[in-house]
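> everything below, folded, please.
(chains A, B and C)
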Amino acid sequence: MSAAAPYPTRWRPPPFFGTRSRQNLAWVAAFAYLVWSVSTLNVDVKRTLAGFGRALDIFARMFPPDFERWELLVKGMTESLQMAFAATLVGIVLSIPLGIAAARNLAPRPVYLAARGTIVVGRTFHEVIIAIFFVKLFGFGPIAGLLTLSFSSAIFLAKMLAEDIENVRTGPIEAVRATGAGFGQLVVYAIVPQVLTRSVGTAIYRLDANVRHSTIVGIVGAGGIGQTLSASFSRYDYDFSLAILLGIIALVALGEWFSDWVRGRLR
Amino acid sequence: MPAAQEAPSAGGARPLLAIEGLAKTYPGGTRALDEVTFRVDRPEVIAIIGSSGAGKSTLIRCINRLVEPTAGRVLLGGTDIVKLAPKELRAARRRIGMIFQEFNLVDRLTVMENLLSGRLGSVGFLASWMRRYPPQDIANAFAMLERVGLAGLHDSRADALSGGQRQRVGIGRALMQNPDLLLVDEPTASLDPKTARQIMRLIRSLAEERATPALVNIHDVALAQGFADRVVGLQGGRVCYDGPAADLTPEVLTRIYGDEDWSRTIRKADEDEA
Amino acid sequence: MSAPAAKAHPTAWRKHTPRETAIHWIWMVAVALASVWSVSALEIEWVFFKDAHVQAADLAERMWPPRWSYLPTIVAPLIETIHIATLGTAIAVVFSVPIAFLAARNTTANGFTWAVGRGILVASRSVNTVIWGLLFVAIFGPGPLAGIAAVSARSVGFLAKLVAEAIEEADRGPIEAIEATGAGTFQVYAIGILPQVMPVLIGTTVYRWDINVRESSVLGFVGAGGIGLYLYASINQFAWQQVLVVLAAILVVVIASEAVSAWVRERIS
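This is a model prediction of the structure:
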């Protein structure tokens, strides 16, 4: 090709945000945000730099992980697992009425709005916040954890159930209604067959999620392995902490594997 | 790249491309290519025909080693591509342009970025990441866009184009490499008959004006006859015909594809040329 | 019904074969046993339930009316909470892309690098943000920096896992085409693969940011900055009227961030 051709020799990709000036504005805004956010954080530079030395120190003290108190570890993990399992069951039971109430195509308008409102507010708060309230009401221990996870499971499962019900094909509903069936029969014959497989999958997923969450509610004293971990951290018992962390990683990985396996078989 | 200047002047003494005893056996045991040998001595368009599974696609991919051949030699301007270490292979690939059946554009990038990706071999990673290509490459890309009939579409996203337009970008990308050899894999199989003819005409005229030999895998016998100088027929991974496109007879086609009434296919091609 | 040709239709019909029914029952019994075991072993003191509703009502009463004068105090920590989520997510994005390429089967260098990539994914994802918070508070001392580190540590695995899956599912064609131009390995990744996974990367980043706002609201419980510290302090001082204000503020921030995240994801798809 001859170089003399009157073709442009400069070309930039079209900007992501429409125009070049908007693109520049986005960069400036991003930079300004970075400066603003970092400046408000009050980071103690000296303490932070010291942190890298401390990190080395902590890691050195973590190795080798200390499995000497494995009984304590197993007890905490069992408690977490029990909490997760029981909470999933309670969550399933509670989620069915709540989920039906939150399905636009089944519930009357006021019931629908109330149920949706409950779900929106309930989903907002982190498990740890809910746990701290249950600890205040029921005292320290796994009961608070169980109730926390039950509550958040019920909210989560109800939301998924409501969405599944809303996505149900309307043909079978009309057909069953046309036979003169009552509301209960309608649910059993037209809704349940369409949402059952998905719902079982969601419930298994939630069991897996509950195993994860059961490891943290202990931070505020609601039982489980999290409580053991929190205690070991506050005692600077880092080699035991690492043992617990490895236990948690194994437990969570196992839960995820189980959940994937069951859901794979459901399909 | 001294080799780039060397190749076209090689003339009759040294072949532009020589394929010797090329074989490929896939891990499953499928023998896709078996002792394939032929040479290309002048810039011409060579159609590779054969039924599905005859090894056309494997042959083309063994030449630039997108598929690793099991045995044999691929000599491009004197260097054996089969023996090259990864880094040298990349340098060799820069001299070989490739055009694909499914166009294989990066959909979410613009036409210009797709064209310029033909120059990736000549710019560093950082420059390609920042889309800083040499001014000459950019001018060439604009010229190329006009040549393939897509002037003005440089900032369109590749997935916004029609099939024929996308293949034109694919052709442009391959030619941006200033290749010594064009590998073309079923360029028209995803296009309607009219667009298919336009695309074949474009490939042929570009190969001619740049004196670049082109190996074209093609399903459509009529198109092969219409646009190729020479035909290589593959059957079960072996070359079973190698000769001028004009000499394709029903007997030859039967050898390549098996028994069928070929007279209409061939006559149709003649009519098209008239 | 006395017609001679009447066929004998079955009068009993079951949906499942006996074998299927048996398997269903085995599952049911297993689930029931597991639930009995898990509830009983938790050693729940049921007496606590007796006055729970009284306690709850009492708590609700003590929360009302909310002490709105507390609101100005928590504006700065609320903003800090969002900063922790945003900066933590941003750092996670930067690290997640190379880790995703390591953990994706088709782009990793060899079995060892793949194992390293997968190992990072598992470790990052299995440990909850709050637990990462505990660890980073021990390292950096209390404050938002530990929170940012915790959010990044957890989000890296989340983002990298989804991006790695997208890399594994990327269209082979364009990758092959870029390889055929003689591009280097990293150019193939940057030009051939990255544009293909960009929608996944942006979508999951925005989604994760929204989760991280929620996670950041409790990081203060372990001393890692944000609004959680004020919530924890108010609860420990039994300042229930302040607690209600903090909860309301968290509600607004979390719902707003969820709306922003949903809006952005709507626009990019």
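> burial measure for residue 187, as a count.
As the question left the chain open, I've gone with chain A. 18 (other CB atoms under 10 Å in any protein chain shown). From N, CA and C alone the C-beta is placed, and that goes for glycine too.
> try chain B instead
24.
> right, and it touches residue B:200 too?
Yes: with contact defined as CB atoms under 8 Å, residue B:187 reaches residue B:200; the gap is 7.1 Å.
> work out which residue lies at the spatial centre of chain C.
residue C:211 (6.1 Å; CA atoms, centre = their mean).
> now the phi/psi pair for the closest residue to residue C:141 other than its chain neighbours, please.
Closest residue to residue C:141 apart from its sequence neighbours, by CB to CB, 6 or more residues apart in numbering or on different chains: residue A:47 at 4.8 Å. The phi and psi values for residue A:47, taken as degrees, to the nearest 10, are phi -60, psi -40.
> same check, this time on residue B:214
phi -130, psi 130.
> list the contacts for the nearest residue to it once chain neighbours are set aside?
Sequence neighbours aside, residue B:182 is the residue nearest to residue B:214 in space, at 3.9 Å (criterion: CB to CB, 6+ apart). For residue B:182, the contacting residues are B:96, B:97, B:98, B:99, B:174, B:175, B:203, B:207, B:212, B:213, B:214, B:215, by CB atoms under 8 Å, 6 or more residues apart in numbering or on different chains.
> on that earlier part again, mind giving me the packing neighbours of the helix or strand hosting the residue nearest to the centre of chain C?
If you go by DSSP states H and E, residue C:211 is part of helix C:194-219. In terms of contacts (3 or more CB pairs under 8 Å, 6 or more residues apart in numbering or on different chains; DSSP states H and E), helix C:194-219 is packed against helix A:127-138, helix C:71-103, helix C:129-140, helix C:144-168, helix C:228-236, helix C:240-268.
> let's see 10 Å
Contacts defined by 3 or more CB pairs under 10 Å, 6 or more residues apart in numbering or on different chains; DSSP states H and E place helix C:194-219 against helix A:109-124, helix A:127-138, helix C:71-103, helix C:129-140, helix C:144-168, helix C:172-180, helix C:228-236, helix C:240-268.
> and the last one, how far from the chain's centre?
If you compare the mean C-alpha spot of helix C:240-268 with that of the full chain, they lie 16 Å apart, counting by CA atoms, centre = their mean, to the nearest Å.
> do the longest one as well
Here the centre of helix C:71-103 is set off from its chain's centre by 14 Å, with CA atoms, centre = their mean.
> what's around residue A:167, how many residues?
By other CB under 10 Å, neighbour count at residue A:167 equals 12.
> tell me the phi and psi of it?
phi -90, psi 0.
> check contacts around it.
Residues near residue A:167 by CB atoms under 10 Å, 6 or more residues apart in numbering or on different chains: A:103, A:105, A:194, A:195, A:198.
> can you say which two of those are spatially most distant?
With distances taken as CB to CB, the most widely separated pair in the contacts of residue A:167 is A:105 and A:198, at 15.9 Å.
> who has more neighbours, the two?
Comparing residue A:105 with residue A:198 by other CB under 10 Å, the one with more neighbours is residue A:198, at 16 against 13.
> now do the contacts for that one.
A:160, A:161, A:163, A:164, A:167, A:263, A:266.
> that one: helix or strand, and which one exactly?
Going by DSSP H and E, residue A:198 is in helix A:192-214.
> now residue A:175: closest residue in space, sequence neighbours ignored.
Per CB to CB, 6+ apart, closest to residue A:175 is residue A:190, 7.3 Å.
> returning to what we had before: overlap in contacts of residue B:187 and residue B:200?
Joint contacts of residue B:187 and residue B:200 (CB under 10 Å, 6+ apart) are B:216, B:218, B:223.
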